[in-house]
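Engineer: Next input, structure requested:
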Amino acid sequence: MCGICGIALSRQSERRIERNVLVRMRNVLLHRGPDDCGLFLDNNVGFGHQRLSIVDVAGGHQPMLSEDENHCIVYNGEVYNHPTLRAELEARGYHYRTRCDTETVLHLYAAHGFEAPRYLRGMFAFAIWDRERRELFLARDRFGVKPLYYALTPDGSLYFASEIKALLAANAVAPRLNAAALPDYLANHAPSGADTLFEGVRRLPAGCTLRWRDGAVHIEQYWDLRFASDSADDLPRPERDLVAEFGSRFREAVQLRLMADVPLGVFLSGGIDSAAIAATMSDLVDAPVRTFSVAFAEREANELAYARLVAERFRTEHHEVVVSPTDFFSVLGRLVWQEDEPIAHPSSIALYFVSRLAAEHVKVVLTGEGSDEMLAGYGRYRTTVYNLALGRRFERLTPRPVRAAVRAMVAALSRRTELGRKLARTALYLPADITSLYFDNFAVFSRPWQDEMLRPELRDRIGAVHLDPYAVQRAHLGAADGHSLLDRLLYVDAKTYLHELLMKQDQMSMAASIESRVPFLDHPLTEFAAALPARLKLRGWTTKHILREAMRGTLPAAILERRKMGFPVPLGRWLRGPYRWLIDEYVLGERTAARDLFEPAVVRQLVTAHERGANHAERLWALINLEVWQRIFLDGEDERSVVGDGQRASVPRTMTAQARRVRARTA
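Structural biologist: Numbers count the residues shown, from 1 in each chain. From the prediction side, this is the model:
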């Protein structure tokens, strides 16, 4: 992996590119590629690059110029079909000077121009300066596995980078809160579309290209995930054949991602996704696969027994790290800085620790991201499908007075019992529509929460257009072409929620200077999965049906049959105990209140309810992280002094000093 950055100044700009500005942008990305670095300057265009050497370690220096010096590229990613592409390009007369895929992308642009990304199979973000056309071309992979942010200044100049902090280092934008993105963040863990929490900073959408020429920008989508197909619901093939083909395609996706000149491993959670990768990889390589797992000491947040079961079954070289609350909170400030935005999921911190562990042994890991969004792995899909069907029948068959009486009864129960609170999330209480039963039901802060919590002045500042926290999701739902509700929900999450998970994976692994690869998002595999009948993804209450069937006889029954846990973090317990001070400082504190974002009384009610046993850990986490982010990026506070471990300790120099690691090799 690499860190890329660059500047393209318009003719209207009164500035010129200073070498030290490019160096600042590049240096802030050092963690993304400590093996090599480079710069390129061509009058009004400049590129910077930090390299993590994976393929052709000795060659592949960037920025890379074409042989005629007409094109220059900075590139982050891996193209797994580049050997095939190379043979085709050489047959057409293109000459290679290296073995790396960067040169393949450069030649593809020369051969196919703006259509080049369509030929690539892998994960990538790149920029190419075309000297002859005086045009800058940016592209991002189909699912957005690799990040790419940009800022277009008022004079038409374009700044881009793998991370937002590089744009800030160039003073491309002033660090200000983008209030319009706040409702989206509060509801959905993170901004869902092209906007970020930084005013003036956007991200290039997945599967899109951007062309810049003297201040004019044109963005075009070159790929999208399609569910409607002649072979979807009426596929005339037996299920066993589809299961076999899925297994074959998955095996190919894993095999392609073993391309490297450096050691590889697997993040092993104990769930079916990572277990399937470990099992398949074990069958494809001669040496024992290196596997890495992370957990917390608390029993409800520890899946190590399942990870060990897989490690024993496939005789892997297994490594583990157990993270304490002190470890967890001691790096929070640093990792918010690393992610550029508030950390959406507490599991990101655990991912950082296991990435640090893996970095002691390998440079590349395979991970299971994408399986849930492609194969309906989340319980919320089945809950919504059945809840909506029930609700529509309930509204159609039950007289209005009866429905009102039932809702009143559920409302009364919800104030006293856990059963009542669960019923209040069903169609017996909520309207039978997607907004209520899906978006609101699984939001961090739903619309009713935000209606009460956002201060009137902030609501006016945001404006009515942006107060809808689900606007991006609604747009994707309307664009989805799936035959079933399930497929439409999968499409929405593939365009929104999945993006945040991929950014978490990229930024936390890059913080430890290792590359992560995602075989479940191999685009031919996802296109096959999308066209499958919904019943092969969700079968009754069983999620990811086709993956379970494909791995039956390979994975232990305990892995195939266990319920999905996600990655539990005992945050609620910690925030009621010794880390309650985080709430006092970052949720209820004077500096937080002075920002005038939220109604203090509503926030206090939230905290009180959590103290009395209600589970508001996810909401408190969102508020804590938002304030930590503002202190680091908007107030300029040193990330090492924010949060700490309770005594505001600085970030530990080595993770082994702060975490207990169990290393076991199964002979």
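Engineer: Centroid-wise, who is the farthest residue in the chain?
Structural biologist: For the chain, the largest distance from the centre (C-alpha atoms, centre = their mean) belongs to residue 401, which lies 45.3 Å off.
Engineer: Just the pLDDT for it.
Structural biologist: Looking at residue 401, its pLDDT reads 91.
Engineer: How about residue 659?
Structural biologist: 26.
Engineer: do residue 652 as well
Structural biologist: The model's pLDDT for residue 652 equals 30.
Engineer: now swap in residue 567 and tell me
Structural biologist: So, for residue 567, pLDDT stands at 71.
Engineer: Outside of stretch 167-178 itself, list whatever touches it.
Structural biologist: With contact meaning C-beta atoms under 8 Å, 6 or more residues apart in numbering, stretch 167-178 is reached by 5, 7, 21-22, 24-25, 27-28, 149-151, 153, 159-161, 195-201, 630, 633-634, 636. (Each C-beta comes from the backbone N, C-alpha and C, glycine too.)
Engineer: Could you tell me which of these count as buried?
Structural biologist: 5, 7, 21-22, 24-25, 28, 149-151, 153, 159-161, 195-201, 630, 633 (16 or more other C-beta atoms under 10 Å).
Engineer: out of those, which are inside helices?
Structural biologist: 21-22, 24-25 (DSSP state H).
Engineer: Now the residue farthest from the centre of the chain, what are its backbone angles?
Structural biologist: Dihedral pair for residue 401: phi -60, psi -40, per degrees, to the nearest 10.
Engineer: ok, it to residue 215 distance?
Structural biologist: The gap separating residue 401 from residue 215 is 63 Å, by C-beta to C-beta, to the nearest Å.
Engineer: Can I get stretch 241-253 as CSV, trimmed to CA atoms?
Structural biologist: Below are the C-alpha coordinates for stretch 241-253, written out as CSV (Å, rounded to 0.1, in the frame of the first residue of the first chain):
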residue,chain,number,x,y,z
ASP,A,241,-24.3,-25.9,-9.0
LEU,A,242,-24.6,-22.3,-7.8
VAL,A,243,-23.0,-23.2,-4.4
ALA,A,244,-20.1,-25.0,-6.3
GLU,A,245,-19.6,-22.0,-8.6
PHE,A,246,-19.6,-19.6,-5.6
GLY,A,247,-17.0,-21.7,-3.9
SER,A,248,-14.9,-21.8,-7.0
ARG,A,249,-15.1,-18.1,-7.5
PHE,A,250,-14.3,-17.4,-3.9
ARG,A,251,-11.2,-19.7,-4.1
GLU,A,252,-10.0,-17.8,-7.1
ALA,A,253,-10.5,-14.5,-5.3
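Engineer: quick one: average pLDDT of that stretch?
Structural biologist: What stretch 241-253 shows for mean pLDDT is 97.
Engineer: One more: stretch 319-337?
Structural biologist: For stretch 319-337, the per-residue pLDDT averages 94.
Engineer: same thing with stretch 412-429?
Structural biologist: Rounded mean pLDDT across stretch 412-429 is 88.
Engineer: Go through it and flag the buried ones.
Structural biologist: Across stretch 412-429, burial judged by 16+ other C-beta under 10 Å covers 413-414, 420, 423-429.
Engineer: what's the first-to-last distance across that stretch?
Structural biologist: Terminal residues of stretch 412-429 lie 11 Å apart, using C-alpha to C-alpha, to the nearest Å.
Engineer: So what touches it?
Structural biologist: 387-388, 390-392, 394-395, 406-407, 410-411, 430, 437, 441.
Engineer: for it, the distance to its chain's centre please.
Structural biologist: 32 Å (C-alpha atoms, centre = their mean, to the nearest Å).
Engineer: Just checking: what are the partner strands of the host helix or strand of residue 211?
Structural biologist: Using DSSP states H and E, residue 211 sits within strand 208-213. Partners of strand 208-213 in the sheet, by DSSP bridges, are strand 135-140 (antiparallel), strand 216-221 (antiparallel).
Engineer: Same list, the ones you listed, but as TSV with mean neighbour count, mean pLDDT and distance to residue 382 please.
Structural biologist: Output for the strands paired with strand 208-213, formatted as TSV (neighbours: other C-beta atoms under 10 Å; pLDDT from 0 to 100; distance: least, C-beta to C-beta, whole Å):
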stretch	mean neighbour count	mean pLDDT	distance to residue 382
strand 135-140	23	98	32
strand 216-221	12	97	30
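Engineer: Next, count neighbours for residue 447.
Structural biologist: Residue 447: 18 surrounding residues under other C-beta atoms under 10 Å.
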